[in-house]
Every structure is written in C-alpha cells, then in structure tokens.
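Colleague: whatever this is, show me its structure:
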Amino acid sequence: MNITSSEIFQTLEDIRTKSPLVHNITNYVVMNNTANALLAVGASPVMIHAEEETADMAALASALVINIGTLSEPWVRGMFKAFCAAEEKGVPVIIDPVGAGATPYRTRTVRKLISSGRPTIIRGNASEILALTDDTFKTKGVDSTAASNEALIIAQGMAADKKCVVCISGEVDYIVDGEQMIKIANGHPMMSRVTGLGCTASALCGAFAAVEKEPLKAAAKAMAVMGIAGELAAERSQGPGSLQMHLLDILYRLSETSIREKLKIA
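Modeller: Alright, predicted model coming up:
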C-alpha cells in the first residue's frame, strides 16, 4: 500500500482541526511526555486509570491507548473495563505491550488483555511482539533484543488471527494487517536515549486512528510522523535532553514539505 506525504499531512491537519480526545491508560514514566506530544500534534489527551471511571471515559473518547508499562491490579482492572467500553462504542483501541516477556505477570496480563477483545492496533518493539505468542522468548526489561524483521512472521499471523494491525517498531517499522505491509524507515538512533518515545508513538497511533478510519494507514502515518519528527529533532539537538524539547516543537509545526523531504516508506 502506498501512502503519500500529502495524505499523511492531511491526516495531521485533521487531528489539528478536530482535536480528538485520546484516553490514555499509561505508565508513570511517560505520562507527561505522552500528553505533551499529543497536545503538540493537536489532539486532546486525558490520562485516567482509576478503575471506577475508565469505562466512562473510554466511551467518551475518540481513541483509547492502553500501555502496560507500570502495572498494578487496580490499573489492570481499569484497562479491561476501558477496553470493553471502547469496543461497545466502536472506539479504536491501541495496545502497547511494554516489556512483554520480561516477567510472567506482565506477559500473562497483556495476553489476557489482547484476548479479551479485538484491538485496533498493537504496537511494540520486536521483543515485545515475539513475547505475545512465544513462551520461551525473554526481553531485556523494556528494550528489544531482536530486530524488527525477526518478529514479522509472528506479527502477520497475529494480525490475521485478531483481525487487527500490528506495528513492530525498530530501525525499520513494519506495519501489517495480515494481508498488507507498510515499511517506514524514518527515525534516529538518539531517540532510543529518551525514555518513552515508543510509548509516545503508541499514543500518536491513537490520535491518528481517531481520525483515519483505516487502521493500517493510521498506524503507518503515526509512525512516519514520529520518525520524521525524531530525525528533524536530532538535527537540532546536542543530546537526548534537547532532542526531547525539539521533538515537541517539531510535532507542533510539522509541515507537508518536511514530510515530503524526509519520508522513507515502502
């Protein structure tokens, strides 16, 4: 599937115009960064995880992003309730299996979550995607020990089985839906030195899925914008601290020209 720079920019403009509400059940480490990135692209973030209100908020949102980074039983119950409510309302659900494979509890929890409904998009690094089906695969905390292409067959099978989109992030991002595949080769190595940029990418998938009704395109467009913004930020940065600052500024003002000049898609 071919996606042009003008299509990506048009969806970004739709986010800026419509300001979709993106409900995030995410982790302590990235809440602030994720919320600011969503604001920068024009979305309206809400960060609610209390089990007493997650279902109500998910039903009001334009997209739900579930990130399992810092798990606890009350948060887990809230995730299941939000997922159920979002499905009932037809709200797209993005799941980020942070650290899947690191501990039995974490792996078991995200597998049950994915099995409880039909996610719209699952986005993780190669190790996390592999751990969703392979009991023998272990991760290094939240860092990938595998290249993105190593998880491609697993991702394609999972996408076909769940009828969802699976996005494997890495040096090359692979986005598959069981029948089609898009590759995005944007990004910069320095991005791995800033905590939570993978989580930010998942949140952007939520913003794009809120306005782009084809999940494969939504995930691909989000990953392209994230990668391009990372490249442009790295060009202006002395290190990870300034990259984080520049990334928000670039997401805020990203232009069609920049997308067209930087886009690496296949």
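Colleague: how confident was the prediction at the closest residue to Ala201 other than its chain neighbours?
Modeller: Leaving out its chain neighbours, the residue that sits closest to Ala201 by C-beta to C-beta, 6 or more residues apart in numbering is Met226, at 4.6 Å. The way it works is simple: take the backbone N, C-alpha and C, and place the C-beta from them, glycine included. Looking at Met226, its pLDDT is 98.
Colleague: pull out the buried positions in the helix or strand where Met226 lies.
Modeller: For Met226, the host element (DSSP states H and E) is helix 215-236. Buried positions in helix 215-236, judged by neighbour count with 16 or more other C-beta atoms under 10 Å: 215-234.
Colleague: convert the C-alpha atoms of that helix to CSV, please.
Modeller: Provided in CSV are the C-alpha atoms of helix 215-236 (Å, rounded to 0.1, in the frame of the first residue of the first chain):
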residue,chain,number,x,y,z
PRO,A,215,-6.1,1.3,11.0
LEU,A,216,-3.2,0.2,8.7
LYS,A,217,-2.9,3.7,7.3
ALA,A,218,-3.4,5.3,10.8
ALA,A,219,-0.5,3.3,12.3
ALA,A,220,1.8,4.0,9.3
LYS,A,221,1.0,7.7,9.3
ALA,A,222,1.7,7.9,13.0
MET,A,223,5.0,6.1,12.8
ALA,A,224,6.1,8.2,9.8
VAL,A,225,5.3,11.4,11.7
MET,A,226,7.1,10.2,14.8
GLY,A,227,10.2,9.1,12.9
ILE,A,228,10.4,12.2,10.8
ALA,A,229,10.0,14.4,13.9
GLY,A,230,12.7,12.4,15.6
GLU,A,231,15.1,12.9,12.6
LEU,A,232,14.4,16.7,12.5
ALA,A,233,14.8,17.0,16.3
ALA,A,234,18.1,15.1,16.2
GLU,A,235,19.5,17.6,13.6
ARG,A,236,18.9,20.4,16.1
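Colleague: can you name the next helix or strand after that helix?
Modeller: helix 240-253.
Colleague: right, and the helix or strand after that following helix?
Modeller: Counting by DSSP H and E, the element after helix 240-253 in chain order, helix or strand, is helix 256-262.
Colleague: just checking, what packs against that next one?
Modeller: Judged by 3 or more C-beta pairs under 8 Å, 6 or more residues apart in numbering; DSSP states H and E, helix 256-262 is in contact with helix 5-18, helix 215-236.
Colleague: want to throw these into TSV with distance to Ile121?
Modeller: Formatted as TSV, the helices and strands packed on helix 256-262 follow (distance: least, C-beta to C-beta, whole Å):
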stretch	distance to Ile121
helix 5-18	14
helix 215-236	5
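Colleague: please report phi then psi for Gly94.
Modeller: Slight slip there: residue 94 is Ile, not Gly. Main-chain torsions, Ile94, degrees, to the nearest 10: phi -110, psi 130.
Colleague: ok, now Lys213?
Modeller: Main-chain dihedrals, Lys213, degrees, to the nearest 10: phi -80, psi -10.
Colleague: do you know how far it is from Arg123?
Modeller: Using C-beta to C-beta, to the nearest Å, Lys213 is found at 18 Å from Arg123.
Colleague: higher neighbour count, these two?
Modeller: The neighbour comparison of Lys213 against Arg123 (other C-beta atoms under 10 Å) goes to Arg123, with 31 against 9.
Colleague: okay, now Met182: neighbour count?
Modeller: Small correction: residue 182 is Ile, not Met. Residue neighbour count, defined by other C-beta under 10 Å, stands at 23 for Ile182.
Colleague: how close does it get to Leu21?
Modeller: When Ile182 is compared with Leu21 (using C-beta to C-beta), they lie 27 Å apart.
Colleague: what do you get for Ala222?
Modeller: For Ala222, the distance to Leu21 - C-beta to C-beta - is 17 Å.
Colleague: one more: His49?
Modeller: From His49 to Leu21 the distance is 16 Å (C-beta to C-beta).
Colleague: what about those two, which has more around it?
Modeller: Counted by other C-beta under 10 Å, His49 and Leu21 do not tie: His49 has more neighbours, with 24 against 20.
Colleague: three-state assignment of that one?
Modeller: Look at His49: counting by DSSP: H, G, I helix; E, B strand; the rest coil, its state is coil.
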